[in-house]
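[1] Sharing a model prediction with you, sequence too.
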Amino acid sequence: MHQRTILLIDDDKGWVGVMTRFLRQCGYRVLSAGTCAAGIKAVEEFHPDCVLLDFELPDKEGCEAALAIRKDAQLRKTPIIMATNDDTREEAACADYKVDAFYFKMWPLMRLKGMIEALLRRVDLERDNLASGDLRLDGARSAVFLGQTQLAELSRDQFRLLALLVAKTPEFVTEEELTVHLFGEGPEADKVDAIKMLAHRLRKSLGEEVGRRVNARAAAAGYTPPRKRAPPADRQPVPAAQQPRPRTHAGAFSCPAFSNASVTDKVQSLLYTFRVSMGWPGPLNARSKHQF
């Protein structure tokens, strides 16, 4: 999975160090800049997934960096979180400087983590950058990845269909939602047929293994990710009392009170007593035709 990049624009080295360790533990790649000018340059060069911006910087206020990012056509949708020790500036930060969220530095770090995740989800939905299990969608290229391997580049309509199904997982999408999403119209007969044909071509483009995950039901369709197999549980030793008694061959048996030899002797003794009581002549033979 693609590793997200967070850019910290802050001159407080102690706070930057704490945030760098925390965000790396959360799985992010972390970059930092100590001035407004260096921060703008880093945004233009690295295109981070999210910017954590201090309000007060040595050369300019952080709002200057926020406004510069919003004016750039390629960067304007980059999520920006304004971070400061002054919690009275929240309204101005969100209204005047077009930032997406405000973080007071005395708040818990897990609250910041939740902010970042929410903003990245919103951007992913806008850009059709989605993931479900081992499947990842790249909206910029209309490409589908299985793990780290590119599986296919889809047509725009195929990609929009797959993106909607993945976004709605595990729910199924009705024909009405599909037609409105793809054509902006209601579920007319010709539009429904077009969606069925589009789904067929989508499955073919994805290949047999992944294509079968695109499922169609009566008046609905959905994406069903593969089930995760539970890891095999560690086998516990079976207590001796519950272990099955050994069998040497068909018809043989064992008894806790006797060994195989003693059991054979006992059977022979019982056979001899029975033969005498019946008056049968001849030598004692366990395989005699008179044996029952």
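    Cool, got the structure. Numbers count the residues shown, from 1 in each chain.

[2] I'd like to check which residues are in contact with Leu162.
    Leu137, Val144, Leu154, Leu202, Leu206, Val214, Tyr223 (CB atoms under 8 Å, 6 or more residues apart in numbering). (Glycine included, C-beta is placed from N, CA and C.)

[3] Dump these into CSV; add pLDDT and distance to Val99 as well.
    Formatted as CSV, the contacts of Leu162 follow (pLDDT from 0 to 100; distance: CB to CB, whole Å):
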residue, pLDDT, distance to Val99
Leu137, 88, 28
Val144, 92, 33
Leu154, 91, 34
Leu202, 92, 38
Leu206, 93, 39
Val214, 92, 39
Tyr223, 89, 34
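
[4] Show only the entries of the residues you listed found in strands.
    Within the contacts of Leu162, residues falling in strands by DSSP state E are Leu137, Val144, Val214, Tyr223.

[5] quick one: least confident helix or strand in the chain?
    The helix or strand of the chain with the lowest confidence, counting by mean pLDDT, DSSP states H and E, is helix 90-96 at a mean of 61.

[6] Past that one, which element shows up next along the chain?
    Note on helix 90-96: by DSSP states H and E, the next helix or strand toward the C-terminus is strand 101-104.

[7] for that next one, the distance to its chain's centre please.
    With CA atoms, centre = their mean, to the nearest Å as the basis, strand 101-104 stands 29 Å off its chain's centre.

[8] what packs against it?
    Secondary-structure packing of strand 101-104 (3 or more CB pairs under 8 Å, 6 or more residues apart in numbering; DSSP states H and E): strand 80-84, helix 90-96, helix 109-127.

[9] Need phi/psi at Leu151.
    Backbone torsions for Leu151, taken as degrees, to the nearest 10, come to phi -90, psi -40.

[10] Which pair of the ones in strands among the contacts of Leu162 spans the longest distance?
    Leu137 and Val214 (13.0 Å; CB to CB).

[11] Comparing the two, which residue is more hemmed in?
    Leu137 (22 against 19; other CB atoms under 10 Å).

[12] List the contacts of the more buried one.
    Asp128, Asn129, Leu130, Ala131, Ala143, Val144, Phe145, Phe159, Leu162, Ala163, Val166.

[13] Compile the helices and strands packed on strand 101-104 into CSV and extend it with columns for mean neighbour count.
    Formatted as CSV, those follow (neighbours: other CB atoms under 10 Å):
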stretch, mean neighbour count
strand 80-84, 22
helix 90-96, 14
helix 109-127, 15
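
[14] how does this structure divide into domains?
    With domains defined by automatic domain parsing, the chain comprises 5-127, 131-223, 246-292.

[15] how about the residue nearest the centre of the chain, phi and psi?
    With distances taken as CA atoms, centre = their mean, Gly133 lies nearest the centre of the chain, 3.6 Å away. Main-chain torsions, Gly133, degrees, to the nearest 10: phi 60, psi -120.

[16] where does the chain have low pLDDT?
    1-2, 87-96, 128, 185-189, 218, 228-268, 271-272, 274-292 (pLDDT under 70).

[17] the strands in this structure, which residues?
    Ranges of strands in the chain, per DSSP E, are 5-9, 29-33, 50-54, 80-84, 101-104, 131-132, 135-138, 143-146, 149-153, 173-174, 214-217, 220-223.
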